[in-house]
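> okay, predicted coordinates and the sequence, questions at the end:
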Amino acid sequence: MQALTLPPISDRYGLAPESSRVAPERIFSEGIANENPVFPLNVDGEIVLDFGRKLTGRIWIEADGPIDFVYGSDWEQLDYIKGMGDDRTTRYWLHETYERACPWGRVVPSFDEAQPCEKSISAFRLLSLESDRPVTIKKCWVDFSPPHLPLVGSFHCDDPELETMWHMGIYTTLACTQLNTHSQVPIPAPGKGYVIWDGPRRDREVWAGDLRLASLIWMSAYDDPEPIANSLYMLWQARHVGCDSDGLIPGAASSHQIFYEWTFWFLVNAWEYYQWTGDPVFLDSLMAANDLLFPSGVDQTLGWIERTKNDNGFVEATNSWMWSIKVQGEMASLAMVHVAGLEALAKLYQADGRAEMAVKTNNLAQETRKLIPPTFYDDGFGAYRLGNFSDRERKTYPQDANAWAILYDIGSDSSREGCHRFLDDPRLQSEAGLRCYWPPFTDEDGDWFLAEKTKWMHNETVWPYPNCYSAWAKFHSGRFDRAIEILKAFHRPHIERGYATLWEVMMPNGDTPISTYGNLGSLCHAWSGLATYLFPRYLLGVQPTAPGFAEASIHPNLGPLQRAEGSIPTPKGPIQVELMRKKNRIVGKATLPVGVEVGSVGDGIEICKRR
């Protein structure tokens, strides 16, 4: 079958369609492709419509007879679902939260009016239509369901691959931005109602850890922060009040699943959102007391952290984002996110004028920061252990914790150099990126996996999520070539296969898990697109240094590039940066909107004010 190709990239919408009403770009009939199909179409057997990129939205069909449909994100997924046959009902539903994404069914005509394939939205690229008798399809289109926004951010450079990666990150996140009434638990969100899910086909959840990365991606491309504020609101309103776990923020906004790492990432996300937007309503609502009976919500969350810590000063894990493996007790990654969350909360207290609480919270963070290296760092191996519960954890070394130690400056220069060496270790590396941990678990490690059918899920795979953090850690340390190499490794399989969206998980050779394990996975996952944030943050060098971008620092580093330019959205208008390398120095200019002051700037950068 003909290979899928990336859609063209426009300056206004990037990889997103130019119109919110999307028509198919080509039709496949008996293996032959025809561009720009014209309706009406006569169908006697099967045709496949290619919409040119993965879309999310409601599919509409007007026909004069019943049509059976199956859709998929690529040929492999489409053929796999079609091949399930009568077993679809038992083989597809791996979990009850999949119920709102059923990629097959029948459209029955009704009085010459177009009918939707599903009550909710679909997530797909290829649509197979089949009839056992001649049928005329009069119309077929998709109503693109994310907010149809023009790009404000931009990124251009002399490496076209990096430009494509920047666009893939934001389009993936855009496709995950949906009305929350389409979620598994359809609760309306405030305002226009959009939130940012982890993925649009499967979970359809606002997950706090996923949202932290998706928020940075969104703010790097669009100037409307409401989907982030709504998503944080949905998590915040689900926090526990008046019970033993009073103050705990759940990891998931709809199903309220608990992941302690995600509780801390919520705090980090909340600070970063406020720092970028300076949104006073958000800060007030987050920091205010609930009523006369309860203290401030964040005070409750701080109280939960203090009550939950064990005698050694750590919050003990009951699970992790690597959900397929059994984890418990003290974990290095959770301890590091614990530090990041407390430091973010201290900044929120400071912004709210509560200096004493800011000092208290920061002191708690520093206490945990000091405990981490002697507890988890293995001097003999030169990296952080997974945890301390048993020999399995003590002899396993995770990618995430070692990346976070670098990113949050935990431990000594020597230990962080060990973390760098571990992230560069060929044993951790695969063709498509870094594995979750080393060494992989084996049957000799005992009862380590939650279920036999998913024991491969984190043990044999590459996840863009920790790879994004590893790239971030390398950027943070000035190792730009290696950072870009990590990002390119997991982006390239997507680009080569014509994907505009980034996947949740992939096999070490760059394949999806469908052919190996029959797992459909999520082929559009917002947490994988962090390059959209990292390139303007480090290559262009722009970051806020006061809430609402009242002040910014501009310290570019082109790394391996010769030139780069781009725009970074702020509440006061975009910051535009133009850079080029001249011999051994970077020269260029940054144009700032009125209301943004420069806190510090790199050598050779001219500062201009937009009139």
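Received, thanks. Residues are numbered from 1 along each chain as shown.
> ok now the longest helix that the chain contains, how far from the chain's centre?
Counting by DSSP state H, the longest helix found in the chain is helix 355-376. Relative to its parent chain, helix 355-376 has a centroid offset of 28 Å by C-alpha atoms, centre = their mean, to the nearest Å.
> hmm, who's touching that helix?
Residues from elsewhere that reach helix 355-376 (C-beta atoms under 8 Å, 6 or more residues apart in numbering): 299, 302, 305-306, 312-314, 330, 332, 335-336, 338-339, 342-343, 345-347, 349-350, 384-385, 387-388, 401, 405, 410-412, 415. Any C-beta I mention is one placed from the backbone N, CA and C, and that applies to glycine too.
> after it, which helix or strand is next? Please name it.
The C-terminal neighbour of helix 355-376 among helices and strands, as given by DSSP states H and E, is strand 377-378.
> that following strand pairs with which strands?
Applying DSSP bridges to the sheet, strand 377-378 is found paired with strand 383-384 (antiparallel).
> what mean pLDDT does the strand it pairs with have?
Strand 383-384 carries an average pLDDT of 98.
> hang on, the earlier thing: I only care about the contacts of helix 355-376 that end up buried; give me the ChimeraX line for that.
In ChimeraX syntax, the buried subset of the contacts of helix 355-376 is picked out as below (16 or more other C-beta atoms under 10 Å):
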select :299,302,305,313,314,330,332,335,336,338,339,342,343,345,346,347,349,350,384,385,387,388,401,405,410,411,415
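> tell me which helix or strand of the protein sits lowest on mean pLDDT?
helix 88-92 (a mean of 53; mean pLDDT, DSSP states H and E).
> I'd like the next helix or strand past it.
strand 104-107.
> for that following strand, buried residues please.
For strand 104-107, the neighbour count (16+ other C-beta under 10 Å) marks 104, 107 as buried.
> so which elements touch that strand?
Applying 3 or more C-beta pairs under 8 Å, 6 or more residues apart in numbering; DSSP states H and E, we find strand 104-107 packed against strand 67-72.
> quick one: mean pLDDT over the following helix or strand past the strand it packs on.
Note on strand 67-72: by DSSP H and E, the next helix or strand toward the C-terminus is helix 75-84. Averaging pLDDT along helix 75-84 gives 88.
> equivalent analysis for stretch 171-180, please.
Stretch 171-180 shows a mean pLDDT of 97.
> can I get the CA coordinates of it in PDB?
What follows is stretch 171-180, C-alpha atoms only, in PDB (Å, rounded to 0.1, in the frame of the first residue of the first chain):
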ATOM      1  CA  TYR A 171       0.100  19.600  16.300                       C
ATOM      2  CA  THR A 172       0.100  16.600  18.600                       C
ATOM      3  CA  THR A 173      -0.900  18.800  21.500                       C
ATOM      4  CA  LEU A 174      -3.500  20.600  19.500                       C
ATOM      5  CA  ALA A 175      -5.100  17.200  18.500                       C
ATOM      6  CA  CYS A 176      -5.200  16.400  22.200                       C
ATOM      7  CA  THR A 177      -7.000  19.600  23.000                       C
ATOM      8  CA  GLN A 178     -10.700  18.900  23.100                       C
ATOM      9  CA  LEU A 179     -14.000  19.800  24.700                       C
ATOM     10  CA  ASN A 180     -14.100  17.900  28.000                       C
END
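> and the gap between the residue nearest in space to the middle of the chain and E272?
The residue lying closest to the centre of the chain (C-alpha atoms, centre = their mean) is W527, at 1.4 Å. As judged by C-beta to C-beta, to the nearest Å, W527 and E272 stand 15 Å apart.
> K583 too?
In terms of C-beta to C-beta, K583 sits 36 Å off from E272.
> before we move on, what about W463?
22 Å.
> looking at the two, which is more packed in?
The neighbour comparison of W463 against E272 (other C-beta atoms under 10 Å) goes to W463, with 25 against 18.
> nearest spatial neighbour of the more buried one, skipping sequence neighbours?
V505 (5.3 Å; C-beta to C-beta, 6 or more residues apart in numbering).
> what's around the one you found, how many residues?
20.
> wait, it sits on L520?
No: if you go by C-beta atoms under 8 Å, V505 and L520 don't touch, sitting 11.0 Å apart.
> next one, pLDDT for the residue lying closest to R479 once chain neighbours are set aside please.
Nearest non-adjacent residue to R479, counting by C-beta to C-beta, 6+ apart: H420, 7.3 Å away. According to the predicted model, the pLDDT of H420 comes to 98.
> before we move on, what about H256?
So H256 comes in at 92 (pLDDT).
> what's the answer for D291, then?
50.
> what's the domain layout of this protein?
Structurally, the chain divides into domains by automatic domain parsing as follows: 21-144, 541-609.
> so for C436, which of those sits nearest?
Closest of those to C436 is domain 21-144, at 20.6 Å (criterion: C-beta to C-beta).
> straight-line length of that closest one, end to end?
End-to-end span of domain 21-144 (C-alpha to C-alpha, to the nearest Å): 6 Å.
> quick one: it to chain centroid distance?
Relative to where its chain is centred, domain 21-144 has its mean C-alpha point 27 Å off (C-alpha atoms, centre = their mean).
> what about the helices in the stretch 401-550 of the chain?
Along the stretch 401-550 of the chain, counting by DSSP state H, counting those that start in this stretch, helices occupy 413-423, 464-476, 480-496, 514-517, 531-534.
> out of those, which is the most enclosed?
Ranked by mean neighbour count under mean count of other C-beta atoms under 10 Å, the helices of the stretch 401-550 of the chain are led by helix 531-534, which reaches a mean of 28.
> packing partners for it?
helix 160-175, helix 208-219, helix 464-476, helix 480-496.
> need the ones you listed in a markdown table (columns: distance to E551).
Shown next, in a markdown table, are these (distance: least, C-beta to C-beta, whole Å):
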| stretch | distance to E551 |
| --- | --- |
| helix 160-175 | 25 |
| helix 208-219 | 17 |
| helix 464-476 | 21 |
| helix 480-496 | 25 |
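> so for E62, which of those helices sits nearest?
Each of these has some distance to E62 by C-beta to C-beta; the shortest is helix 160-175, at 25.3 Å.
> now the element after the closest one, going C-ward?
Next along the chain after helix 160-175, taking DSSP H and E as the criterion, comes strand 177-179.
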